[in-house]
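Participant: return a 3D structure for these sequence lines:
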Amino acid sequence: MYAASLTDTAVIAADKGGGAALDQVFGMTAAAGVVSIVLLWIAYRHRSYKSDWLQEWAGWLGRIGERPTWSVIPLFLFITTILTAFLGFIWDVSLHVGRGRDDGPLANPAHYFILVGLFFLFIAGALAMILPRNDDGSIAKPGMAAVKITRTWYTPTAGILLAACGLYALIGFPLDDIWHRMFGQDVTLWGPTHLMLIGGAGFSLIAVILLMHEGYLAATRSRQKKQVPQGDAPAFLGFEIPKWLTGDRMTRFTQAVACGGLLIGLSVFQVEFDFGIEQFRLVFQPMLMVAAGVFALVVARLWAGTGATLIAVAFAFLIRGAVAVFVGPILGEPTNTFPLYLGIAVIVEVLALIPRLRENALAFGAVVGLAGATVGAFLESFWVRWNYVVPWPKGMWPELLALCIPVGVIVGLTAGLFVRALQPKPLPAPVIRRSIVVAMILTIAGATLWGLNYTVPQNGKAIINLTEAPSVDGFRMVTADVQITPDNLISDDPEWVNILAWQGAGDHLRGLVVDRLAKVGPGKYRSTTAVPVSGSWKTVLRIQDGKTLTAAPIFMAGDPGIGAAEVSATPHIERPLTRELDMLQRERKFDHPSWYFSVATWAVAAMTILLIWLLSWGAARINAAYFPRPDQRPLKFQGSGRGKVHRKSDEPEPVDA
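Facilitator: Predicted coordinates:
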């Protein structure tokens with residue numbers, strides 16, 4: 001994958017502001033190769049009937065809920081792996097916030113959790129594809145939506161989707177290293193390859209929901225076809241499984257919890273705001289909250305039933321709270337807060353009380369999107385005010401509504417379309433559903449491009465007077481009196497005027513201090529807490545006021561790895577207000593043609609759109625297999641007879657697994 005020779009550490013080590021050392025790259029590549037070979041060997045042994053241990057293990061777990069083994073085992077594996085990856089993700093962000101960049105993918109302990117989680121995410125999907133097998137050697141068709149891989153191998157559609165999400169995320173690791181070598185380390189969650197890593201894991205929850213649904217449909221059809229009643233008390237490892245673990249209530253609860261996982265997965269894009277180190281305009285935060293909340297909670301209510309939104313919100317709160325406590329107070333890294341979504345959940349439950357609206361999933365999603373973008377955002381603003389470093393100012397609300405309403409409505413409409421794929425009725429005509437998905441992509445892309453639009457003042461300047469304060473963790477601490485010129489540059493209601501100090505570590509400071517400055521006069525601001533200005537800290541005055549996004553350095557530690565000199569914190573500072581990106585993403589490289597970055601960004605965007613298309617295709621295929629439209633030809637499999645795997649004559653008709 002990477003051409004280089006291992007000579008000595010000095011030769012193979014990459015620029016400290018660029019990619020990882022090649023010995024770590026080769027190590028990761030070797031690990032990926034070993035995992036792939038082992039997985040292929042297991043698949044070969046299982047599919048060729050040379051090994052039965054996987055089938056026996058699958059049979060044990062498959063008795064829970066009386067679901068096909070290919071839909072149960074991946075779910076058990078997925079739950080542990082996605083929680084492992086999420087813990088690693090939050091820990092990794094905390095480490096970067098508090099300590100700065102690392103020396104590569106194997107130098108950061110959190111990366112091991114992420115890698116293991118993403119590897120097993122892919123393996124969970126691969127197992128769903130591998131498992132379908134009949135003990136008598138006849139060809140197993142895992143449900144009506146099965147996809148033909150070879151003459152004798154059919155796989156569940158959702159297994160392909162889950163494996164694709166894992167593969168998409170895993171591809172992000174080598175691409176991320178290539179990205180850093182080309183453009184430096186963009187220390188932001190929103191780097192394109194970073195979005196691949198977290199996006200693959202987030203989108204995998206959609207694939208998991210489809211896997212649960214496809215397994216339920218296949219099991220129901222199999223029982224009806226064979227006229228076998230559902231067992232009252234199936235056995236598991238010799239013990240009788242209580243009815244409450246396999247009944248309808250447990251199924252609904254499991255669906256609600258899955259939607260809680262979906263809520264977490266769609267919320268990862270906001271994590272910079274959760275730490276108070278947002279590098280983009282604040283209007284993105286409510287837009288992302290509305291999009292995640294509306295989609296996940298519409299699915300929860302219409303798929304899992306009454307009260308499912310509250311279970312989903314509670315589950316998300318429990319998991320995010322536990323991870324925040326573990327990473328923060330226990331491991332001693334910066335602590336993050338997180339969205340509550342309770343306001344949107346209440347709106348969904350109230351609107352679901354209207355029968356005619358609830359029965360039309362598309363209309364329900366659109367109405368929830370509108371209500372969630374207005375009333376829901378207003379209710380969530382109280383949680384933000386109480387728990388976040390930066391509350392939403394009144395002056396932001398016109399732009400907030402202008403972005404959130406179209407995003408909320410189209411995301412709600414898309415959620416309603418997804419629910420229709422889970423309901424026992426045909427999907428709308430292809431032109432309608434394709435138009436909704438395309439409109440969703442275009443609306444979110446347009447809102448994102450609008451939010452990324454900002455200005456830097458041409459004549460702004462910050463005059464900063466520092467006053468010494470008692471040291472903390474051995475660091476020099478100061479308070480600041482700030483004068484912005486011209487004094488009318490900032491309105492009376494800006495998004496933020498604060499001092500951010502980060503990447504300095506410390507036992508008490510934990511590498512992150514955010515001081516919201518108090519306004520004391522025209523253009524005059526004063527510290528409310530002391531900030532560090534020594535060691536490895538990066539301490540910056542930051543301003544966002546509408547489309548104005550700018551900053552001035554107070555102290556920046558010298559960084560020989562990227563050839564950056566120290567910016568000293570003298571008692572009196574006069575510095576121009578410049579582009580914030582140059583300070584928060586100090587390791588970025590700009591010594592390349594601008595079109596390089598554009599082409600690389602669009603390449604990542606194309607892969608993301610391809611993944612969205614694949615998930616849409618899978619949802620439509622599963623629905624069409626069981627509930628075809630009157631004008632649609634049902635999915636068919638050619639051939640006749642029951643045949644065995646070894647048969648080489650006419651292709652046999654697969655038998656339900």
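Participant: pLDDT at the closest residue in space to Val567 that isn't next to it in sequence, what is it?
Facilitator: The shortest distance from Val567 to any non-neighbouring residue, by Cβ to Cβ, 6 or more residues apart in numbering, is to Met556 (3.8 Å). C-beta coordinates here come from the backbone N, C-alpha and C atoms, glycine included. Predicted confidence (pLDDT) for Met556: 95.
Participant: may I have the beta-bridge partners of Met556?
Facilitator: Note on Met556: beta-bridge partners by DSSP bridges are Lys538, Val567.
Participant: neighbours of it, how many?
Facilitator: If you count neighbours by other Cβ atoms under 10 Å, Met556 ends up with 20.
Participant: from what I see, it and Ile573 are in contact.
Facilitator: No - taking contacts as Cβ atoms under 8 Å, Met556 lies outside contact range of Ile573: 12.0 Å.
Participant: with just CA atoms, put the helix or strand Thr309 falls within into CSV.
Facilitator: Per DSSP states H and E, Thr309 falls inside helix 308-325. Extracted as CSV, the C-alpha positions of helix 308-325 are listed here (Å, rounded to 0.1, in the frame of the first residue of the first chain):
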residue,chain,number,x,y,z
ALA,A,308,-40.1,4.3,22.0
THR,A,309,-38.7,7.8,21.6
LEU,A,310,-38.3,8.1,25.4
ILE,A,311,-36.6,4.8,25.6
ALA,A,312,-34.3,5.8,22.7
VAL,A,313,-33.4,9.1,24.4
ALA,A,314,-32.9,7.4,27.8
PHE,A,315,-30.6,4.8,26.2
ALA,A,316,-28.6,7.5,24.4
PHE,A,317,-28.3,9.5,27.6
LEU,A,318,-27.1,6.5,29.6
ILE,A,319,-24.4,5.5,27.1
ARG,A,320,-23.2,9.0,26.4
GLY,A,321,-23.2,9.8,30.1
ALA,A,322,-21.3,6.7,31.0
VAL,A,323,-18.6,7.3,28.3
ALA,A,324,-18.3,11.0,29.3
VAL,A,325,-17.8,10.1,33.0
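Participant: buried residues of that helix, list them for me.
Facilitator: Of all the residues in helix 308-325, those buried under the rule 16 or more other Cβ atoms under 10 Å are 308-313, 315-317, 319-320, 323-324.
Participant: would you mind identifying the next helix or strand past it?
Facilitator: Criterion used, DSSP H and E; the element after helix 308-325 is helix 342-351.
Participant: packing partners for that following helix?
Facilitator: Counting contacts by 3 or more Cβ pairs under 8 Å, 6 or more residues apart in numbering; DSSP states H and E, helix 342-351 packs against helix 284-304, helix 308-325, helix 361-371, helix 377-387.
Participant: can you lay out the ones you listed as JSON lines showing mean pLDDT and distance to Arg221?
Facilitator: Shown next, in JSON lines, are those (pLDDT from 0 to 100; distance: least, Cβ to Cβ, whole Å):
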{"stretch": "helix 284-304", "mean pLDDT": "97", "distance to Arg221": "19"}
{"stretch": "helix 308-325", "mean pLDDT": "96", "distance to Arg221": "25"}
{"stretch": "helix 361-371", "mean pLDDT": "97", "distance to Arg221": "23"}
{"stretch": "helix 377-387", "mean pLDDT": "96", "distance to Arg221": "41"}
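Participant: can you pull the pLDDT of Leu118?
Facilitator: At Leu118, pLDDT is 87.
Participant: how many other residues sit next to it?
Facilitator: The burial count for Leu118: 28, using other Cβ under 10 Å.
Participant: one step back: now do the helix holding Thr309: which elements does it pack against?
Facilitator: Here helix 308-325 touches helix 69-99, helix 248-267, helix 284-304, helix 342-351, going by 3+ Cβ pairs under 8 Å, 6+ apart.
Participant: Glu587: which of these is closest?
Facilitator: Across the helices and strands packed on helix 308-325, the minimum distance to Glu587, taken as Cβ to Cβ, is reached by helix 69-99, at 11.1 Å.
Participant: which residues belonging to the helix or strand following that closest one are considered buried?
Facilitator: Beyond helix 69-99 in the direction of the C-terminus, DSSP H and E gives the next helix or strand as helix 109-130. For helix 109-130, burial by neighbour count (16+ other Cβ under 10 Å) applies to 110-111, 113-115, 117-130.
Participant: check stretch 570-586 too.
Facilitator: Buried residues in stretch 570-586, defined by neighbour count with 16+ other Cβ under 10 Å: Ile573, Leu577, Glu580, Leu581, Met583, Leu584, Gln585, Arg586.
Participant: out of the helices and strands packed on helix 342-351, deepest packed?
Facilitator: Scoring the helices and strands packed on helix 342-351 by mean neighbour count under mean count of other Cβ atoms under 10 Å gives helix 284-304 as the most buried, with a mean of 28.
Participant: in the protein, where is pLDDT below threshold?
Facilitator: 1-29, 32, 58-66, 104-106, 135-138, 222-247, 632-657 (pLDDT under 70).
Participant: any idea which residue is closest to the centre of it?
Facilitator: With distances taken as Cα atoms, centre = their mean, Gly202 lies nearest the centre of the chain, 3.6 Å away.
Participant: please determine how far that residue is located from Ala606.
Facilitator: 18 Å (Cβ to Cβ, to the nearest Å).
Participant: wait, Phe89 sits on Val268?
Facilitator: Yes - if you go by Cβ under 8 Å, Phe89 and Val268 touch, sitting 6.7 Å apart.
Participant: residues shared between the contacts of these two?
Facilitator: Here Phe89 and Val268 have Ile198, Ala201 as joint contacts, going by Cβ atoms under 8 Å, 6 or more residues apart in numbering.
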